[in-house]
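>>> Sharing a model that was predicted from the sequence below.
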Amino acid sequence: MQKELMKGNDAIAEAAVRAGCRFFSGYPITPQSEILEYLSWRLPEVGGNFVQSESELSGISMVYGAAATGTRAMTSSSGPGFSLLQEGISYIASAELPCVIVDVMRYGSGLADIFTGQGDYWQAVKNGGHGDYRCIVYAPNSVQEAVDLTALSFQKADEYRNPVIILSDASICQMMEPVKFPPMIEHDNNQYEWALKGKGKGKSKRHTSTMYYNDNYDEYLNLKYKRIEDNEQKWETYLVEDAEIVLVAYGISSRICVEAVDKSRSQGKKIGLIRPISLYPFPTKAFEELPEAKAFASVEISCLSQMIEDICLAVKGRLPVYPIRSGMSVYESDDICSSIDKILNSKCKEVY
Amino acid sequence: MIKKRPKALYVDHKYCPGCGHGIVNRLIAEVLEEMNEDENALCAVAVGCSSLMPDTFGIDIVQAQHGRAAAVAIGMKKCRPDSMVFSYQGDGDALAIGLSETMYAAIRNDNITVILVNNHNFGMTGGQMSPTTLENQRTTTTPFGRDVAKTGQPLDIVKLLKNFDIAYLARGTTSNNREILKTKKYIKKAFENQKQRKGYSMVEVLSPCPTNWGISPLEACQKIDNVSTEVFLTGEFKKEEA
């Protein structure tokens, strides 16, 4: 298949359809609205259902109902809308049903603004709803990777019967890049024994918090997420083998960091990059063998630095961790290079 | 008329003595069995006393979030258009926190059935004021009686929904045999409308809550007949023209 030039949001929508998604309900909010717009015509074309819901609360609830029938289902949102999804995400995780949620991050809390940001890390990765649950979280750094991770998200959601969040940002989702799509998957919504379709001659089924049916729930849940943490870490590294300062960045920030690594290297500085692709589970394995590393720096479009906590946990106090922050104006690679210089000259303060 | 217990009700209900929920459960189960739809039914059950329903009602069920049962039901119906899909909700759930989901299911004329059990209070949490608490009715949050000057009038959902382009709308009670039989007919018509793909149907059922009203089951039924039905008129409010 030929490559096509496509906007990130449209590409995620098409990738969802190719992955067998046949139900979407959502609400307009910038910068994710193209996902909604695209699926409004594309899903009916393949016999799927699209509903523009009256709120994000309703949208995720319809996804909950659809997921319970074994149908591959998705919603998408951003900023304040992502907050409203949290109630439903907790219920879906608690009932152990699969679904995919896309959060196209914008910058700021409250009303916030519509330009790019990475401030939903805590909410997506640490779980924004009530109770003990986790969502698998993937962070693409290109339109092609957004397509690939959309397919993977539906697969992992089914495998673990757990919501999966695609945590993207306004930059990745609003830019156009060439992409290649996988062939269409036909997903059979009757293939799982848990899928509701009417009890027929069998026993009736009920989807609610699985704690009601599992005498060993606490241990079960621990083991479930341990299994995800052991098996589903995804990351990429760039020039880390001899790196003394290792940047850690995901999504759009990782692309700026690649440029910063190249510029610093051209000046003889040994800088590398770890790019987490899965944010939950956080790729702690990536931090295990870095013989030359002397310090880590979290590079995030967040004025408080959110991912830095997970970096510190992965580093376990062995080495210092520094924040390189951005927010109202997004850093360029030169800004990151000068932050690296401050770290090298001991003019930067460790985060903890 | 079925004399024996419908198959779907595999064990006695767990509601308080004198509660109307058990009767409504029974009517739904009888109707589904008579229509040969009990094996094909999907239910989104609400949070509140309604959420006791799955303990005794053996059909495929999703436990919805508080107020969102209609939306969950819509998600199921879109993916299983040949299933009989309904939400089972109380007045606190459907008319307070879930009013938006309730209204928009009707506005879109989504092809689901909503069974709304109205007992004028939040029963499960100990009897607080709900949108349908009657004027001067005492609850744990209106200890001197509901003051409509401060809280507004009791919410009559029928008055709102009858203006929309929906398939079927009715209100019955569980307070006496005559009304129970009528309510069963309403529930059957609601499901028949869904089966014929005519769109949204709702049956609201006025139901006694002796536990939280602080009166005997018999007095609670009399209160519905003498007081509740004066505020919340019963009958069919939207149906296909003959």
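Everything's here; your move.
>>> who in the stretch 201-350 of chain A is up against chain B?
Within the stretch 201-350 of chain A, the positions lying close to chain B (CB under 8 Å from any CB of the partner chain) are A:201, A:203-209. No exception for glycine: its C-beta is placed from N, CA and C like everyone else's.
>>> Restrict the residues you listed to the buried ones and give me that as a PyMOL selection.
With 16 or more other CB atoms under 10 Å in any protein chain shown as the burial test, the buried ones among those are selected in PyMOL as follows:
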select buried, chain A and resi 204+205+206+207+208+209
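>>> Select from the residues of the stretch 201-350 of chain A next to chain B every entry located in strands.
A:206-207 (DSSP state E).
>>> what are the phi and psi values for the residue of chain B found nearest chain A?
The nearest approach of chain B to chain A comes at residue B:75, 2.6 Å away (CB to the nearest CB). Main-chain dihedrals, residue B:75, degrees, to the nearest 10: phi -60, psi -40.
>>> Neighbours of it, how many?
The burial count assigned to residue B:75 is 33, neighbours taken as other CB atoms under 10 Å in any protein chain shown.
>>> Shouldn't residue A:247 be within a helix?
No - Residue A:247 sits outside any helix when classified using DSSP: H, G, I helix; E, B strand; the rest coil, being strand.
>>> Please name the residues that touch it.
Listed by CB atoms under 8 Å, 6 or more residues apart in numbering or on different chains, the contact partners of residue A:247 are A:257, A:260-261, A:271-274, A:296-297, A:299, A:324, A:336, A:340.
>>> Show me where the stretch 151-300 of chain A has its helices.
Taking DSSP state H, counting those that start in this stretch as the criterion, the stretch 151-300 of chain A contains helices spanning A:170-174, A:217-231, A:251-266.
>>> Please apply the same query to chain B.
Ranges of helices in chain B, per DSSP state H, are B:21-34, B:69-79, B:91-92, B:99-107, B:148-151, B:157-161, B:177-195, B:210-213, B:217-223, B:229-231.
>>> Out of the ones you listed, which one sits most buried?
Mean neighbour count (mean count of other CB atoms under 10 Å in any protein chain shown) peaks for helix B:69-79 among the helices of chain B, with a mean of 31.
>>> Would you mind naming the helix or strand containing the residue in the stretch 51-200 of chain A positioned nearest to chain B?
Closest to chain B within the stretch 51-200 of chain A is residue A:65: 2.6 Å, counting by CB to the nearest CB. Under the criterion of DSSP states H and E, residue A:65 resides in helix A:56-68.
>>> residues near residue B:11, how many?
10.
>>> Quick test: name the residue nearest the centre of chain B.
residue B:116 (1.8 Å; CA atoms, centre = their mean).
>>> Excluding chain neighbours, give the residue nearest to that residue in space.
Excluding the flanking residues, the one nearest residue B:116 by CB to CB, 6 or more residues apart in numbering or on different chains is residue B:204, at 4.5 Å.
>>> give me every residue that touches the one you found.
Residue B:204 neighbours (CB under 8 Å, 6+ apart): B:116-118, B:157-158, B:170-172, B:232.
>>> among those, which are in strands?
Of the contacts of residue B:204, the ones assigned to strands by DSSP E are B:116-118, B:170-172.
>>> And those residues, which two are furthest apart?
B:117 and B:170 (13.6 Å; CB to CB).
>>> Might one say that the residue of chain B closest to chain A is in contact with residue A:60?
No - counting by CB atoms under 8 Å, residue B:75 stays clear of residue A:60, with 9.5 Å between them.
>>> any residues in contact with both of these two?
residue A:25.
>>> one step back: who touches the residue of chain B closest to chain A in this structure?
Contacts of residue B:75 by CB under 8 Å, 6+ apart are A:23, A:25, A:61-69, A:73.
>>> What sits closest to it if chain neighbours are left out?
Closest residue to residue B:75 apart from its sequence neighbours, by CB to CB, 6+ apart: residue A:65 at 2.6 Å.
>>> mind giving me the domain split of chain A?
Structurally, chain A divides into domains by automatic domain parsing as follows: A:4-231, A:235-344.
>>> Just give me the neighbour total for residue B:55.
14.
>>> Could you check the pLDDT of it?
On pLDDT, residue B:55 comes in at 94.
>>> Now it: closest residue in space that isn't a chain neighbour?
Closest to residue B:55 by CB to CB, 6+ apart is residue B:14, at 5.5 Å.
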